[in-house]
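Chemist: Can you look at this prediction? I've put the sequence above it.
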Amino acid sequence: MKYIYLTFVLASLLAHHGAATAQLVTGAGSSAAAPIYRSWAVAYTKATGSIVEYEPVGSSAGMKKIQQQAVGFGATDVYPSEKDLIDNGLIALPVAITGISPVVNLPKVKSAQLRLTGEVLSQIFMGEINRWNSPEIASLNPDLVLPDIPIKVVVRSDGSGTTYNFADYLGKVDPKWRARYGAKTSIKWPEGFFAFKGSDGVAKGVRDTVGAIGYVDFGYVAEYELSSVQVRNADGVFIRPSIDAFRSALANSEWASTGTFQSTLTQKPGKSVWPITMGTFVVFPKIPQDPQKTTSALKFIIWSFLNGDTLVQENNFVRLPDRVQATAFRAITTIRDKSGTPLGLSLISSEAQRK
């Protein structure tokens, strides 16, 4: 199969709940958010008997699928532009907060020992620093014995929200990166880089390649036993990626202060902030061609919002602030069928009553 399908089917539970009550939920997009949808799907199947199929095809491909209404929901780590939302008749809602971790595979260097700055990361990913014992890296790590080996840069080959947020961060710390690449989901990387599809591909590429550096969602660091690095944040503090550091970035953002969620979460101020924090989003059609498909997806997402906080944290993500989640619920109520009947309002009410 071209893509890994995260399909969760519990036949015994289907039999228990009855085939008539079981529904198929389909979604596609962000590979960084796949752990959340995987956990939510297992719990949702157990609770309802419905089946959830999610394709971790990357944010760009997920957006294309929901624009075509080929799936019930799309998933992206980049909030779409207002023009894209209007032109395609879509709404986007935040799901959770996570962080991007640069990861390395270096002999005798343990996880979170290596220190890098955004400027040095930018030079590495532009192909301008190409050996691990270069002066730019050595000066940041006087207590480490860095190997005299080439840097093997591992990147995403597909359209990726993780790439977008990583590039957004690099553009904020390095004008040269901003001028050359900006913030994009797909980048024409320098010759000689190792490009892989999906977060799984990058994680495996780094794990299996001595001398490698790449960038993945934090949830993949533990899963693939990768070595993260410390990065200097906007306050000049070297910090390692963690749930608390992502939460600090969120607390110092417009998300927490205003309840809006359109801005990126990179390079926020604060001594305890991880500088490469990002949100992940779910996308629905405002007027679906197939109301049943959208209704099934809405039921899954609403149920997960109301029941899935523990699973969010278990997968190394940060739950939404209450005011952001309230904004998301209000947006859900605007989804209507062609006759103008709201699809989401009654679902929110019924799920809240069950709780």
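Modeler: Perfect, I can see it now. This is a predicted model, so every value here is computed, not measured.
Chemist: who's in contact with stretch 320-330?
Modeler: Stretch 320-330 is contacted from outside by 93-97, 250, 255-256, 259-261, 302, 305, 348, using CB atoms under 8 Å, 6 or more residues apart in numbering. Quick note: C-beta positions are derived from backbone N, CA and C, even for glycine.
Chemist: Show me just the buried residues among the residues you listed.
Modeler: Using 16 or more other CB atoms under 10 Å as the burial test, the contacts of stretch 320-330 include 93-97, 250, 255-256, 259, 261, 302, 305, 348 as buried.
Chemist: Take those residues and keep only those in helices.
Modeler: 250, 255-256, 302, 305, 348 (DSSP state H).
Chemist: Just name the closest of those to residue 104, please.
Modeler: residue 250 (26.1 Å; CB to CB).
Chemist: quick one on the thing from earlier: got the buried ones among the contacts of stretch 320-330 as a markdown table, with distance to residue 283 columns?
Modeler: Formatted as a markdown table, these follow (distance: CB to CB, whole Å):
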| residue | distance to residue 283 |
| --- | --- |
| 93 | 8 |
| 94 | 11 |
| 95 | 10 |
| 96 | 15 |
| 97 | 17 |
| 250 | 21 |
| 255 | 18 |
| 256 | 23 |
| 259 | 19 |
| 261 | 13 |
| 302 | 15 |
| 305 | 15 |
| 348 | 18 |
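Chemist: Check those for the minimum pLDDT and say which it is.
Modeler: Note: of those, the lowest pLDDT belongs to residue 348, at 58.
Chemist: how many neighbours does the closest residue to residue 207 other than its chain neighbours have?
Modeler: Among residues not flanking residue 207 along the chain, residue 224 sits closest, at 5.1 Å (CB to CB, 6 or more residues apart in numbering). Applying other CB atoms under 10 Å, we find 18 residues neighbouring residue 224.
Chemist: My guess is residue 199 contacts residue 32. True?
Modeler: Yes. At 5.4 Å, residue 199 counts as touching residue 32 under the criterion of CB atoms under 8 Å.
Chemist: quick one, strands of the stretch 101-250 of the chain?
Modeler: For the stretch 101-250 of the chain, the strands defined by DSSP state E, counting those that start in this stretch cover 115-116, 152-156, 194-196, 212-217, 227-228, 230-232, 238-239.
Chemist: Could you save these as JSON lines and add columns showing distance to residue 269?
Modeler: JSON lines is the format used below for the strands of the stretch 101-250 of the chain (distance: least, CB to CB, whole Å):
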{"stretch": "strand 115-116", "distance to residue 269": "20"}
{"stretch": "strand 152-156", "distance to residue 269": "28"}
{"stretch": "strand 194-196", "distance to residue 269": "33"}
{"stretch": "strand 212-217", "distance to residue 269": "22"}
{"stretch": "strand 227-228", "distance to residue 269": "22"}
{"stretch": "strand 230-232", "distance to residue 269": "13"}
{"stretch": "strand 238-239", "distance to residue 269": "13"}
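Chemist: looking at the ones you listed, which is buried most?
Modeler: By mean neighbour count, with neighbours taken as mean count of other CB atoms under 10 Å, strand 212-217 ranks first of the strands of the stretch 101-250 of the chain at a mean of 27.
Chemist: helices and strands around that one, which ones?
Modeler: Under the contact criterion of 3 or more CB pairs under 8 Å, 6 or more residues apart in numbering; DSSP states H and E, strand 212-217 touches strand 90-104, strand 152-156, helix 161-173, helix 198-207.
Chemist: Low-confidence regions, this structure specifically.
Modeler: Within the chain, the stretches with pLDDT under 70 are 1-22, 344-355.
Chemist: how does it look with 50?
Modeler: For the chain, the stretches with pLDDT under 50 are 1-20.
Chemist: Which strand or helix spans the closest residue to residue 288 other than its chain neighbours?
Modeler: Spatial nearest neighbour of residue 288, chain neighbours left out: residue 294 (3.8 Å); criterion: CB to CB, 6+ apart. Following DSSP states H and E, one finds residue 294 within helix 291-307.
Chemist: elements contacting that helix?
Modeler: Applying 3+ CB pairs under 8 Å, 6+ apart, we find helix 291-307 packed against strand 24-29, helix 34-48, strand 73-76, strand 276-285, helix 322-332, helix 344-354.
Chemist: Point out the other helices and strands that the very next helix or strand once past it packs with.
Modeler: Downstream of helix 291-307, the first helix or strand assigned by DSSP H and E is helix 309-314. In terms of contacts (3+ CB pairs under 8 Å, 6+ apart), helix 309-314 is packed against helix 34-48.
Chemist: Just the CA coordinates for the next helix or strand after the helix it packs on, please, in CSV.
Modeler: Using DSSP H and E, the next helix or strand after helix 34-48 towards the C-terminus is strand 51-55. Provided in CSV are the C-alpha atoms of strand 51-55 (Å, rounded to 0.1, in the frame of the first residue of the first chain):
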residue,chain,number,x,y,z
ILE,A,51,-14.7,2.5,12.6
VAL,A,52,-12.1,5.2,12.0
GLU,A,53,-9.9,5.2,9.0
TYR,A,54,-7.2,7.9,9.0
GLU,A,55,-4.5,8.3,6.3
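Chemist: what comes into contact with the helix or strand following strand 51-55?
Modeler: Per DSSP H and E, strand 51-55 leads on to helix 59-67 as the next helix or strand towards the C-terminus. Outside helix 59-67, the residues that touch it by CB under 8 Å, 6+ apart are 27-30, 55, 57, 71, 73-78, 80, 84, 88, 90, 158-162, 164, 185-186, 283-285.
Chemist: are any of these buried, and which?
Modeler: Buried members of the contacts of helix 59-67, counted by 16+ other CB under 10 Å: 27-30, 55, 57, 71, 73-78, 80, 88, 90, 158-162, 164, 185, 283-285.
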